[in-house]
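>>> Just to be clear, the model below is a prediction. Sequence and coordinates:
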Amino acid sequence: MRADIFALATACLMALAPIAAAQTTTAESTPVVIHAGAAGGEGVIDARAQIVLRQGVTTVRAAVLDEPAARPSGNGRQREGFPAGERLFGIYDGDESWSYCALRESFWLGDALTCYQDTNEDGRLDVAMPSGAPFLGVPFFILAQTAEQRPLATPAAFRRIPYDQGPSIEAGLRLTLTEARVRRSRTEPATALLEFGYILDNDRFVPVRGTSHRQTLEGAGPVTLSVADAHVELTGQPVRGQLHYRVVEAMPAHIDRVIMTQTVTYTTTYVPIYVPR
């Protein structure tokens, strides 16, 4: 009898254990244009991580509203729409169609994107799609989800403008200096890591995986690191306040896309129910 009770208790505990599962969504971002930059920027590395190059970025399409975008149905900040003159950036959704989006900034609720479409190609945006927060905070990167399309009661006239006149952000290079240190009686040499990424809020850096160059620093150099066809020369002692950098060549103008991956983890708990005989 005792063994039967133990077996039943064990079965209940096993039944109560949550089962975790994960769902991963992967997509390629819309194409963006990284505009040409100028060489010659220089300075001293006086922080562990420091942005050493900045260049403008736009999407490959842009538009401007000639009329206010009518408010889509719904609540909260998405209901506010956008005024005439608002510039929109184009997002290619992979189905041979484009949406035009703008970022709604909110101090309390966080940034969110609203995208619009001209479904009948008459030069008027007639559908709104609240698209949530931008991927990793980069406004041009939208990880497409199943978004509800909300018809606009009053379509808004818009027109294409040159892509370089559209909304812009920055991309650039960040240099991270790890000074020499002693660990477990061994001296580890100083290293420099140069990374490519996108720059938000003037100084928040979002690195792009697979675009970096790490180099051991010994002596006063010079050492050249190369990332995204840009070249940065380092000279001086590899300690903060003494290591000098110079941008020998900036990134050339080019089109860039990133792979966006999002993993959502959820758990399912099975609760046993006692059914009397």
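Arrived safely, thanks for sending. Numbering: from 1, shown residues only.

>>> ok, residue 117 - contacts?
Residue 117 is in contact with 97-100, 125-127, 129, 149, counting by CB atoms under 8 Å, 6 or more residues apart in numbering. For every residue, glycine as well, the C-beta is placed using N, CA and C.

>>> Now intersect these with the strands, please.
Counting by DSSP state E, the part of the contacts of residue 117 found in strands is 98-100, 125-127, 129.

>>> Counting neighbours, what do you get for residue 103?
18 (other CB atoms under 10 Å).

>>> For it, name its beta-bridge partners.
residue 113 (DSSP bridges).

>>> sorry, back to before: if any of the contacts of residue 117 are buried, put those into a PyMOL selection.
Buried residues within the contacts of residue 117, by 16 or more other CB atoms under 10 Å, are selected in PyMOL with:
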select buried, resi 98+99+100+125+126+127+129
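
>>> quick one: which of the contacts of residue 117 is nearest residue 167?
residue 100 (10.4 Å; CB to CB).

>>> show me what contacts the nearest residue to that closest one once chain neighbours are set aside?
Leaving aside its sequence neighbours, residue 100 sits nearest to residue 88 (CB to CB, 6 or more residues apart in numbering; 3.9 Å). Neighbouring residues of residue 88 by CB under 8 Å, 6+ apart: 62-65, 82, 100-102, 116, 158, 166-167.

>>> 6 Å instead?
Residue 88 is in contact with 63, 100, 102, counting by CB atoms under 6 Å, 6 or more residues apart in numbering.

>>> Helix or strand: which one has it?
strand 87-92 (DSSP states H and E).

>>> so that strand versus strand 98-104, what angle?
Put simply, strand 87-92 runs at 130 degrees to strand 98-104, going by axes from the mean of the first three to the mean of the last three CA atoms, to 10 degrees.

>>> and the longest strand for this structure?
The chain, longest strand under DSSP E: strand 204-217.

>>> still on that earlier bit, can the contacts of residue 88 go into JSON lines with extra columns for pLDDT and distance to residue 179?
Listed next are the contacts of residue 88 as JSON lines, based on pLDDT from 0 to 100; distance: CB to CB, whole Å:
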{"residue": "63", "pLDDT": "96", "distance to residue 179": "48"}
{"residue": "100", "pLDDT": "92", "distance to residue 179": "47"}
{"residue": "102", "pLDDT": "85", "distance to residue 179": "44"}
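
>>> Closest one of those residues to residue 51?
Using CB to CB, the contacts of residue 88 come closest to residue 51 at residue 102, 26.1 Å.
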